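>>> Fold the stuff below for me.
(2 chains)
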Amino acid sequence: MSFATTADDAAPTFGRRLIELAPGILLLLAIGYSGKLIEQTIAAYGKANHLALPNIEYVLWAIVIGLIIANTVGVPKIFRAGVATYEFWLKLGIVLLGVRFLLGDVLKLGGISLVAVALELTISIVLMTWLGNAFRLTPKLTSLLAIGSSICGVSAIIAAKGAINAKDEEASYAIAAILALGAIGLFAFPVIGQLLGMSDHAYGLWAGLAIDNTAEATAAGNLWSEQAGKIAVLAKTTRNATIGFVVLGYAIYWATRGEAQTIEHKGAFLWQKFPKFVLGFLIVSLLATLGVFTKEQSADIANLSRWAFLLTFAGVGLSTDFGEMRKQGLYPFIVGAAGEIGIAVLTLLIVLAVQPWLPA
Amino acid sequence: MSASSTDRAIRRPRFSLDTWAIIAASVLVLAVVVGTLPRVPW
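Presented below is the predicted three-dimensional model:
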């Protein structure tokens, strides 16, 4: 999804593009806000009737409403362009969330995350490669699944597809598997976390390490608590920042086999693949650390981040099409599922191992 | 596509989603700091 126009377009004006996007964005807002109203209504009903109702976050309601619409009546064409903006709202929300992290926290948690991320990357790549070979998937599909599960799902797969000359259907297989498993993880993780009695920090770190797509990882964290959502975003962002290195490694591997272009300027390649919104997050975090914002301004910026996430979560539900995933076939899904379960278990062990160094 | 629309498309800056997110965040942060935006409720 891009707001940019390309030379292939009929160069629509910025105003026309906004009009195209408006219905879908309004739909995201309506669904996200309905989720918020449902959460508040249940809480108010429980309070008024002295009932101890479980607090189900608006995140879940927004995703569920979106899922129901997408998988029953479908998303009408007029809304599709706007719904696809959910990745933009995700990135905007993450940049603004920087206000909630003082740079010291980022370094401290980022340091622990970095160790955990390094372990997660190694485990995911080894495990997915072994499973892909065992199930005789094509070597490039195996590479894409390994990249998708180790770093950041869809964007990593798209970045790698060009770099290793994979086929379109290999990329759609890998994307479908990663998205289907992300959707399952979204609902399974909070239940497992609850059973294990995990802390906000430990759960957030686990969600950020094990769930592959940034939107699903953010949603799974926020389903648990806002604090867990913050940690999940940080761990996931740390993973995203490694995208250039892993894709470069795979590109070099395939280039040495004569099946991808040789990369001449490795520094430029790393910069090109680096997710730039991470820099935005760090800059906002730096400004907050320097005390540029008053307490009220910080609260306002954090609230803007929440609104951006509200649109994101509605988009996650609306963009999950189970029918499309079924069409992609069973094998990549089995490999993906087996790999993801393995990664979820191993990252859980990593989190439990680093838990003594995490804040309570 | 006509030559003029191609020219326009080529001249148009092509921002990535990340760049758009950073631009939008900068505008919002500036609006909060300058006080253009009213208090943001949640």
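>>> ranges for the helices of chain B?
Ranges of helices within chain B are B:3-11, B:17-34, based on DSSP state H.
>>> Per-residue pLDDT of residue A:110, please?
For residue A:110, the model assigns a pLDDT of 66.
>>> just to revisit the earlier point, of the helices of chain B, which shows the lowest average pLDDT?
Of all these, helix B:3-11 has the smallest average pLDDT, which comes to a mean of 49.
>>> So what does residue A:101 have for phi and psi?
Note on residue A:101: backbone dihedrals following degrees, to the nearest 10 are phi -120, psi 120.
>>> Then residue A:274?
The phi/psi pair for residue A:274 (degrees, to the nearest 10) is phi -70, psi 130.
>>> That one and residue A:237, how far apart?
Residue A:274 is 12 Å from residue A:237, where distance means C-beta to C-beta, to the nearest Å. From N, CA and C alone the C-beta is placed, and that goes for glycine too.
>>> Check residue A:28 too.
The value you get for residue A:28 to residue A:237, if C-beta to C-beta is used, is 22 Å.
>>> Then residue A:101?
Going from residue A:101 to residue A:237 by C-beta to C-beta gives 10 Å.
>>> ok, now residue A:287?
Residue A:287 is 17 Å from residue A:237, where distance means C-beta to C-beta.
>>> What of residue A:312?
Distance of residue A:312 to residue A:237, computed by C-beta to C-beta: 14 Å.
>>> Between the two, tell me which one has more neighbours.
A direct count of neighbours by other C-beta atoms under 10 Å in any protein chain shown for residue A:312 and residue A:237 places residue A:312 higher, at 29 against 26.
>>> What residues sit buried inside whichever strand or helix holds the more buried one?
If you go by DSSP states H and E, residue A:312 is part of helix A:295-318. Buried residues in helix A:295-318, counted by 16 or more other C-beta atoms under 10 Å in any protein chain shown: A:297-318.
>>> Close to chain B as well: tell me which of those residues qualify.
A:297, A:299, A:300, A:301, A:303, A:304, A:306, A:307 (C-beta under 8 Å from any C-beta of the partner chain).
>>> Residue 16: how many residues sit nearby?
All of this is about chain A. By other C-beta under 10 Å, 11 other residues sit near residue A:16.
>>> looking at chain B here, not the other one
By the criterion of other C-beta under 10 Å, residue B:16 has 15 neighbours.
>>> Now do it, the pLDDT please.
The model reports residue B:16 with a pLDDT of 85.
>>> any idea how far residue A:292 is from it?
Residue B:16 sits 26 Å away from residue A:292, taking C-beta to C-beta as the criterion.
>>> what ranges do the strands span in the stretch 51-200 of chain A?
Applying DSSP state E, counting those that start in this stretch to the stretch 51-200 of chain A gives no strands.
>>> near chain B, which residues of it?
Close to chain B, as judged by C-beta under 8 Å from any C-beta, the stretch 51-200 of chain A has residues A:87, A:88, A:91, A:92, A:94, A:95, A:96.
>>> Most neighbours among those residues, which one?
Highest neighbour count within those, by other C-beta under 10 Å: residue A:95, with 31 neighbours.
>>> per-residue pLDDT, residue 38?
No chain specified, so I'll use chain A. So, for residue A:38, pLDDT stands at 94.
>>> Correction: the question concerned chain B.
At residue B:38, the model reports a pLDDT of 86.
>>> ditto for the one 4 residues further on
At residue B:42, the model reports a pLDDT of 86.
>>> need the contact list for the residue nearest to it when sequence neighbours are not counted.
Leaving out its chain neighbours, the residue that sits closest to residue B:42 by C-beta to C-beta, 6 or more residues apart in numbering or on different chains is residue A:303, at 4.4 Å. Residue A:303 makes contacts with B:40, B:41, B:42, as judged by C-beta atoms under 8 Å, 6 or more residues apart in numbering or on different chains.
>>> Same check on residue B:23?
residue B:15.
>>> From chain B, how far off is the residue nearest the centre of chain A?
Residue closest to the average C-alpha location in chain A (C-alpha atoms, centre = their mean): residue A:214, at 1.0 Å. Remark: distance between residue A:214 and chain B (C-beta to the nearest C-beta, to the nearest Å) = 12 Å.
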